[in-house]
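Chemist: sequence first, predicted coordinates after that:
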Amino acid sequence: MKKRILISDIAKALGISVTTVSFILNDKAKEKRISEALTKRVLDYVKKVGYKPNELAKSLRTGKTKILGLIIEDISNPFFGNIARLIESKVYEQGYRIIYCSTNNDVEKAKELIQMFYDRQVDGFIITPSDGLEDTVKQLQQNNIPVVLFDRYFPGLETDYVGADNFQGAFDASDHLCQQGYRRIGFVSLYSDQTQMKERSEGYLKAMDNNKQQSFIQKIQMDASDEEAMEALREFICENRLDAVLFSTNYLAISGLKASKKYNFPMPAVIAFDDHTAFKLVEPSITVVSQPIKDIAENLINILLLRLQGKIKATRKMVLPCELKVRESTKVKVTL
C-alpha cells in the first residue's frame with residue numbers, strides 16, 4: 001500500500017505554504033487572488049503524484065459523504081442482485097460510492113441496518129422496505145434524508161418510488177394462460193401486506209374474472225422452510241388438479257419445480273414473476289414476467305441524485321411496464 005500523500009508534502013515539494021495549496025485544491029484560488037500560473041503548477045503536481053483528498057475531512061467540511069445506502073431484500077436473488085450491480089455502476093460514474101446489504105424481509109434487521117447507515121452519514125437511501133418499516137422511513141424523511149423506495153411502497157406515506165406495473169404484469173400472464181387453453185389456473189403468493197404482492201394477486205383475479213374462470217390461490221409463509229413450501233405446493237397443485245400456475249416470485253416457482261421432482265407429479269404450465277438463470281436451463285424452459293431491471297435502476301439513481309441536488313420537490317412515482325417472455329412452459333394446451 002502506497003504512503004498517503006498529504007497537503008503538507010505538496011507544499012514542501014513546491015516550496016509554498018500549506019494554506020495556499022489548500023485554497024487551490026478547494027477551488028478558492030481566484031477568491032484568494034492566487035495566480036493562474038501557481039494554480040496550474042499545483043494542480044499539475046497533484047495529478048502527477050496522485051494526491052487523493054481526505055474524504056473524512058471533506059465530508060466534515062461539506063456535510064456530504066458521497067456515499068449512498070442500498071438496502072434490499074436479498075442480494076442473492078437475481079432480480080435484486082442485478083439491480084444492485086447496475087446501481088453501483090451508475091453511482092460510481094457520478095462520483096458516489098454505495099454500501100448495500102440484505103434484510104431477508106426481517107424488519108428488525110432492516111431497522112438496525114438503516115440506523116447503521118444513518119450513523120455513517122450516508123447522503124441518501126434506496127430501500128426495498130419490509131413490512132413494518134414505515135415509521136423508520138418517515139423518520140428519515142423528517143431528518144431530511146432523501147429516500148427512494150422500490151419494488152414496493154407504503155400507500156399511506158408520500159415517498160419517491162420506482163417499481164414495475166405488477167397488476168398489469170400478473171394480468172397479462174394470467175390472461176395468456178387462459179388464451180392458451182388452460183382452465184384450472186392457480187396463483188401462488190406469500191402471506192404479506194406488501195404492495196407488489198397485493199397488486200399481482202389483483203391482476204390474477206381480474207384476468208380470471210374477465211375470462212370467467214375459477215380462481216385458486218395458495219399463500220406461503222414468508223419464513224417457511226423449503227420442505228414446508230414444497231409440501232404446501234404439492235397439495236395445492238395436485239388436490240386442485242391445476243393445469244397451470246402463476247408464481248408471484250421466482251423463488252416460489254423454483255420451490256414448485258423442486259416439489260414436482262421430489263414428489264414425482266407432473267408440473268402444470270408455469271409462469272414465474274421475475275426471471276432466473278435456471279428458468280432457461282430446465283425443460284421445458286419457464287415463461288416469465290420480466291421486470292425492466294435496467295430502467296428501474298436508472299430511475300432510482302436519477303431520482304435520488306436529483307433529490308440530493310435539490311432539483312425536485314414534488315414526490316416522484318415511477319411505474320414501469322413488465323414484459324411477458326413466453327417460453328416452452330406455456331405451450332397451447334392440447335385437449336384430447
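Modeler: The structure has been received and is ready for your questions. Numbering: from 1, shown residues only.
Chemist: which SS class is the closest residue to residue 100 other than its chain neighbours?
Modeler: In this structure, residue 100 finds its nearest non-sequential neighbour in residue 70, 3.6 Å apart by CB to CB, 6 or more residues apart in numbering. C-beta: built from backbone N, CA, C; applies to glycine. Three-state assignment for residue 70 (DSSP: H, G, I helix; E, B strand; the rest coil): strand.
Chemist: give me the beta-bridge partners of residue 70?
Modeler: Counting by DSSP bridges, residue 70 forms beta bridges with residue 100, residue 126.
Chemist: what's the answer for residue 245, then?
Modeler: residue 186, residue 270.
Chemist: residues contacting the residue nearest to residue 100?
Modeler: Applying CB atoms under 8 Å, 6 or more residues apart in numbering, one finds that residue 70 lies in contact with 84, 87-88, 98-101, 125-127.
Chemist: where do the helices sit along this structure?
Modeler: Applying DSSP state H to the chain gives helices spanning 7-14, 18-25, 36-49, 55-62, 78-93, 107-119, 134-142, 166-179, 195-210, 226-239, 250-263, 293-308.
Chemist: deepest in the core, which of the ones you listed is it.
Modeler: helix 166-179 (a mean of 22; mean count of other CB atoms under 10 Å).
Chemist: thought residue 163 was touching residue 152?
Modeler: Yes: with contact defined as CB atoms under 8 Å, residue 163 reaches residue 152; the gap is 6.9 Å.
Chemist: find residues that contact each of the two.
Modeler: Common neighbours of residue 163 and residue 152, using CB under 8 Å, 6+ apart, are residue 196.
Chemist: ok, residue 75 touching residue 100?
Modeler: Yes: contact between residue 75 and residue 100 holds when scored by CB under 8 Å: they sit 7.0 Å apart.
Chemist: shared neighbours of these two, which are they?
Modeler: Common neighbours of residue 75 and residue 100 (criterion: CB under 8 Å, 6+ apart): residue 84.
Chemist: give me the domain ranges for the chain.
Modeler: Using automatic domain parsing, the domain parsing of the chain gives 7-53, 65-163+293-320, 166-291+324-330.
Chemist: now the first one: average pLDDT?
Modeler: On average, the pLDDT along domain 7-53 is 87.
Chemist: per-stretch mean pLDDT over the helices of the chain, give me the minimum one.
Modeler: Among the helices of the chain, helix 55-62 scores lowest, at a mean of 51.
Chemist: Throw the contacts of residue 70 into a markdown table and include distance to residue 138, thanks.
Modeler: Converted to a markdown table, the contacts of residue 70 look like this (distance: CB to CB, whole Å):
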| residue | distance to residue 138 |
| --- | --- |
| 84 | 25 |
| 87 | 23 |
| 88 | 27 |
| 98 | 23 |
| 99 | 22 |
| 100 | 22 |
| 101 | 21 |
| 125 | 13 |
| 126 | 17 |
| 127 | 12 |
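Chemist: list buried residues within these.
Modeler: When neighbours are counted using 16 or more other CB atoms under 10 Å, the contacts of residue 70 contain these buried positions: 84, 87-88, 98, 100-101, 125-127.
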